[in-house]
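K.L.:
attaching a predicted model along with its sequence, questions to come.
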Amino acid sequence: KRRRTAERGPRLSVLSVQGSVVECQVETMKQETVTFKFDQADTVPADVANNLIKHRLLSEQHAEIFIEQVEDILRQLRENPDVLPVVSLPPAKPAADSLSPNRSDTTATTAASTSSVGSVDSVESTTKGS
(Lines give C-alpha, C1' and ligand atoms only; values in the text may rest on other atoms or scores of the structure.)
Protein backbone atom coordinates (compact mmCIF):
# COMPACT_ATOMS: atom_id res chain seq x y z
CA LYS A 1 0.00 0.00 0.00
CA ARG A 2 1.09 3.55 -0.63
CA ARG A 3 0.92 6.00 2.21
CA ARG A 4 -0.29 9.48 1.52
CA THR A 5 2.47 11.83 2.59
CA ALA A 6 0.39 14.92 1.87
CA GLU A 7 -1.35 14.46 5.22
CA ARG A 8 1.89 14.31 7.17
CA GLY A 9 3.27 17.50 8.63
CA PRO A 10 6.84 18.72 8.55
CA ARG A 11 9.47 16.44 10.13
CA LEU A 12 11.41 18.47 12.66
CA SER A 13 14.47 17.22 14.52
CA VAL A 14 16.94 18.84 16.89
CA LEU A 15 20.54 18.55 15.71
CA SER A 16 22.31 20.27 18.58
CA VAL A 17 22.00 22.66 21.49
CA GLN A 18 24.95 24.93 22.24
CA GLY A 19 24.27 27.27 25.12
CA SER A 20 20.91 28.82 24.32
CA VAL A 21 21.18 28.25 20.54
CA VAL A 22 19.16 25.35 19.18
CA GLU A 23 19.98 23.96 15.74
CA CYS A 24 17.13 22.14 14.04
CA GLN A 25 16.44 20.45 10.75
CA VAL A 26 13.07 20.25 9.07
CA GLU A 27 12.13 18.06 6.14
CA THR A 28 9.52 19.80 4.05
CA MET A 29 6.80 18.26 1.94
CA LYS A 30 8.84 19.13 -1.14
CA GLN A 31 11.48 16.68 0.07
CA GLU A 32 13.75 19.58 0.99
CA THR A 33 15.82 19.57 4.13
CA VAL A 34 16.31 22.92 5.82
CA THR A 35 18.65 23.52 8.74
CA PHE A 36 18.06 26.56 10.93
CA LYS A 37 19.03 27.92 14.34
CA PHE A 38 17.17 29.90 16.96
CA ASP A 39 17.90 31.25 20.41
CA GLN A 40 15.68 29.54 22.96
CA ALA A 41 15.83 32.54 25.28
CA ASP A 42 14.08 34.98 22.94
CA THR A 43 12.45 32.99 20.16
CA VAL A 44 8.76 33.05 19.39
CA PRO A 45 7.87 29.80 17.57
CA ALA A 46 5.36 31.62 15.35
CA ASP A 47 8.13 33.96 14.15
CA VAL A 48 10.29 31.00 13.11
CA ALA A 49 7.31 29.47 11.27
CA ASN A 50 6.48 32.78 9.56
CA ASN A 51 10.08 33.14 8.36
CA LEU A 52 10.01 29.64 6.87
CA ILE A 53 6.65 30.39 5.22
CA LYS A 54 8.04 33.67 3.85
CA HIS A 55 10.92 31.74 2.24
CA ARG A 56 8.43 29.15 0.90
CA LEU A 57 10.02 26.40 2.97
CA LEU A 58 6.93 25.66 5.06
CA SER A 59 3.35 25.64 3.90
CA GLU A 60 0.82 27.70 5.83
CA GLN A 61 -1.25 24.58 6.46
CA HIS A 62 1.67 23.08 8.42
CA ALA A 63 2.49 26.20 10.44
CA GLU A 64 0.41 25.15 13.46
CA ILE A 65 2.05 21.72 13.62
CA PHE A 66 5.50 23.29 13.26
CA ILE A 67 4.79 25.84 16.01
CA GLU A 68 3.61 23.06 18.34
CA GLN A 69 6.81 21.12 17.64
CA VAL A 70 9.04 24.15 18.38
CA GLU A 71 7.06 24.81 21.57
CA ASP A 72 7.59 21.17 22.55
CA ILE A 73 11.35 21.55 21.98
CA LEU A 74 11.44 24.65 24.18
CA ARG A 75 9.41 22.87 26.90
CA GLN A 76 11.74 19.86 26.86
CA LEU A 77 14.78 22.13 27.13
CA ARG A 78 13.27 23.97 30.12
CA GLU A 79 12.48 20.67 31.86
CA ASN A 80 15.79 18.96 31.12
CA PRO A 81 18.43 21.25 29.55
CA ASP A 82 21.08 18.49 29.41
CA VAL A 83 19.06 16.18 27.15
CA LEU A 84 18.65 16.73 23.40
CA PRO A 85 14.90 17.17 22.75
CA VAL A 86 13.12 14.53 20.70
CA VAL A 87 10.28 15.84 18.54
CA SER A 88 7.28 13.57 18.30
CA LEU A 89 5.51 13.58 14.98
CA PRO A 90 1.88 14.67 15.04
CA PRO A 91 -0.58 11.90 14.26
CA ALA A 92 -1.56 11.73 10.62
CA LYS A 93 -5.03 13.04 9.91
CA PRO A 94 -6.62 9.91 8.43
CA ALA A 95 -6.26 7.17 11.09
CA ALA A 96 -2.74 6.11 10.15
CA ASP A 97 -1.76 4.41 13.36
CA SER A 98 0.80 2.36 11.49
CA LEU A 99 3.14 5.36 11.38
CA SER A 100 5.55 5.19 14.27
CA PRO A 101 5.74 8.51 16.12
CA ASN A 102 9.10 7.49 17.60
CA ARG A 103 11.03 7.19 14.37
CA SER A 104 14.30 9.00 14.63
CA ASP A 105 15.85 8.39 11.24
CA THR A 106 17.07 11.83 10.31
CA THR A 107 19.61 10.71 7.75
CA ALA A 108 18.48 13.41 5.39
CA THR A 109 20.75 15.21 3.01
CA THR A 110 22.93 17.95 4.37
CA ALA A 111 21.75 21.53 4.20
CA ALA A 112 23.58 24.75 4.91
CA SER A 113 22.66 26.28 8.21
CA THR A 114 21.25 29.74 8.47
CA SER A 115 23.60 32.59 9.17
CA SER A 116 21.35 34.34 11.64
CA VAL A 117 20.05 33.14 14.98
CA GLY A 118 16.34 33.42 15.65
CA SER A 119 15.35 34.06 12.07
CA VAL A 120 15.52 32.37 8.74
CA ASP A 121 16.88 35.25 6.68
CA SER A 122 19.44 33.21 4.78
CA VAL A 123 18.38 29.65 4.13
CA GLU A 124 19.56 27.05 1.70
CA SER A 125 17.65 23.88 1.20
CA THR A 126 18.57 20.58 -0.31
CA THR A 127 16.29 18.41 -2.40
CA LYS A 128 16.45 14.72 -1.61
CA GLY A 129 17.15 12.36 -4.47
CA SER A 130 14.47 9.76 -5.01
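P.N.:
All right, it came through fine. Numbers count the residues shown, from 1 in each chain.

K.L.:
in whichever helix in the chain runs longest, which residues are buried?
P.N.:
Of all the segments of type helix in the chain, defined by DSSP state H, the longest one is helix 63-79. By neighbour count on 16 or more other C-beta atoms under 10 Å, the buried set for helix 63-79 is A63, I65, F66, I67, E68, Q69, V70, D72, I73, L74, Q76, L77. To be clear about C-beta, it is placed using only N, CA and C from the backbone, and glycine gets the same treatment.

K.L.:
can you check stretch 48-63 too?
P.N.:
For stretch 48-63, using 16+ other C-beta under 10 Å, the buried residues are V48, A49, N50, N51, L52, I53, H55, L57, L58, H62, A63.

K.L.:
check stretch 20-36 too.
P.N.:
Neighbour count says stretch 20-36 has V22, E23, C24, Q25, V26, E27, T28, E32, T33, V34, T35, F36 buried, by 16+ other C-beta under 10 Å.

K.L.:
nearest to P81 among the residues you listed?
P.N.:
Nearest to P81 among the buried residues of stretch 20-36 is V22, at 10.9 Å by C-beta to C-beta.

K.L.:
helix or strand: which one has the closest one?
P.N.:
For V22, the element it lies in under DSSP states H and E is strand 21-27.

K.L.:
sweet, I'm off.
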